[in-house]
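1. Here's a sequence, model it:
(2 chains)
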2 protein chains.
Amino acid sequence: MSEQDERARRHAERMARKKEVVDRKIAEAQEERGVFLVLTGNGKGKSSSGFGMAARALGHDMQVGIVQFIKGRFATGEEAFFKRQDNVQYHVMGEGYTWETQDRDKDGEAAREAWAHARDMLTDPAIDLVLLDELHIALKYGYLDVDEVVRDLTARPEMQHVITTGRAAPQALIDAADTVTELQVVKHAFQAGIKAQKGIEL
Amino acid sequence: MSEQDERARRHAERMARKKEVVDRKIAEAQEERGVFLVLTGNGKGKSSSGFGMAARALGHDMQVGIVQFIKGRFATGEEAFFKRQDNVQYHVMGEGYTWETQDRDKDGEAAREAWAHARDMLTDPAIDLVLLDELHIALKYGYLDVDEVVRDLTARPEMQHVITTGRAAPQALIDAADTVTELQVVKHAFQAGIKAQKGIEL
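-> From the prediction side, this is the model:
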């Protein structure tokens, strides 16, 4: 047998074993219900990941609800994009915060009003996926009560998915979640003096 | 001064300092050019993050090119969704791989053909953002030459963004990138016996 044939044979064997493992795991994982996913850590891509899953859900003609708990100083591409889609309810918190407004009372009020919108979505079984973008920052600053948030998330319709994003997810949220990913910075263009770029950061 | 007023005052001070730092960093980061972003690690959300950035770019009416280097056994929501959008070129590698086909030669051929599509996008200045989903797996299996890939990525138009996703990004890719995020698993619903869910995994 030539070296190339031998390599191809070993590859086929390895992949056949991998297929067995994958198939078995898929066969074992049979519970069907809505998933609660937390995206946290300092790395770039948490919100984008949530928005990518929203896009994926829309590809399956599912209904999507989005609440953004932070609004930067620029109009964001995701807001422009998802507001034009069918099957999307989109709410952006009224005030840019927190180092922008420097007003704790006003920020807290805006966050609580945004949570009221989130709760409407979390009690509506017609919504298949709810994305609560940058929720963690509202919890970190104590604008929302974490126990109340976990209670509302846990009480949502059985088949509804929910995704929360932001740095520093509180432990109570991590405990309540089904899937948790921590995004870590390996390096960031910003550190090298590159301005935030449309389509990537904005 | 009441305790609440004192808390509000301290918050305003802290946020004013934070605003200073953020404003200074933004003022310093003034280079404008296309960014090369790598999303790697074992955590859930890498591809979604890339697709979320594609959505964000579309929100700015930018042109997007997408090549998927892996195709699972199911039709994916992201494919259905992004194929319906304007301003998107979408190419999916012809063959599902690798533990599915168990055929190294066929997989390599499919990966090289997909790279030819990627290269067309990477030489077209009209495309603002190129997403190369699951590219890293094609490199890991040696279906593509990493030096050739880095050369093509580096030679792309100056203002073009490129995002590559997948586990186990090779070091040469990490070295060439501007921004690298590693997604780590904290926990995963699949481990708890929950089936892959539409809108979340598919």
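2. pull the longest strand from chain A.
-> For chain A, the longest strand by residue count, based on DSSP state E, is strand A:179-187.
3. do it and chain B meet?
-> Yes: contact between strand A:179-187 and chain B is present through A:179-187 (criterion: Cβ under 8 Å from any Cβ of the partner chain). The way it works is simple: take the backbone N, C-alpha and C, and place the C-beta from them, glycine included.
4. ok, now stretch A:155-167?
-> Yes: for stretch A:155-167, a contact with chain B is found by Cβ under 8 Å from any Cβ, at residue A:161.
5. The residue nearest to the spatial centre of chain A in helix, strand or coil?
-> Centroid-nearest residue in chain A, with Cα atoms, centre = their mean: residue A:50, separated by 3.2 Å. At residue A:50, secondary structure determined by DSSP: H, G, I helix; E, B strand; the rest coil is helix.
6. end-to-end on stretch A:128-139?
-> Stretch A:128-139 has an end-to-end distance of 24 Å (criterion: Cα to Cα, to the nearest Å).
7. ok, it near chain B or not?
-> Yes: counting by Cβ under 8 Å from any Cβ, chain B is contacted by stretch A:128-139 at A:128-129.
8. one step back: with pLDDT and neighbour count added, can I get the residues of strand A:179-187 next to chain B in a markdown table?
-> Below are these laid out as a markdown table (pLDDT from 0 to 100; neighbours: other Cβ atoms under 10 Å in any protein chain shown):
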| residue | pLDDT | neighbour count |
| --- | --- | --- |
| A:179 | 94 | 25 |
| A:180 | 95 | 25 |
| A:181 | 96 | 29 |
| A:182 | 96 | 20 |
| A:183 | 96 | 26 |
| A:184 | 94 | 14 |
| A:185 | 91 | 15 |
| A:186 | 90 | 16 |
| A:187 | 86 | 16 |
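9. Domains in chain A, by residue range?
-> A:1-30, A:31-192 (automatic domain parsing).
10. Export these to a markdown table and append columns for distance to residue B:166.
-> As requested, the domains of chain A are arranged in a markdown table below (distance: least, Cβ to Cβ, whole Å):
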| stretch | distance to residue B:166 |
| --- | --- |
| domain A:1-30 | 16 |
| domain A:31-192 | 14 |
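11. which residue ranges form the helices in chain A?
-> Secondary structure of chain A by DSSP state H: the helices cover A:3-28, A:46-59, A:77-83, A:104-122, A:135-140, A:146-154, A:171-176.
12. out of the ones you listed, which comes closest to residue B:35?
-> Closest of the helices of chain A to residue B:35 is helix A:46-59, at 12.9 Å (criterion: Cβ to Cβ).
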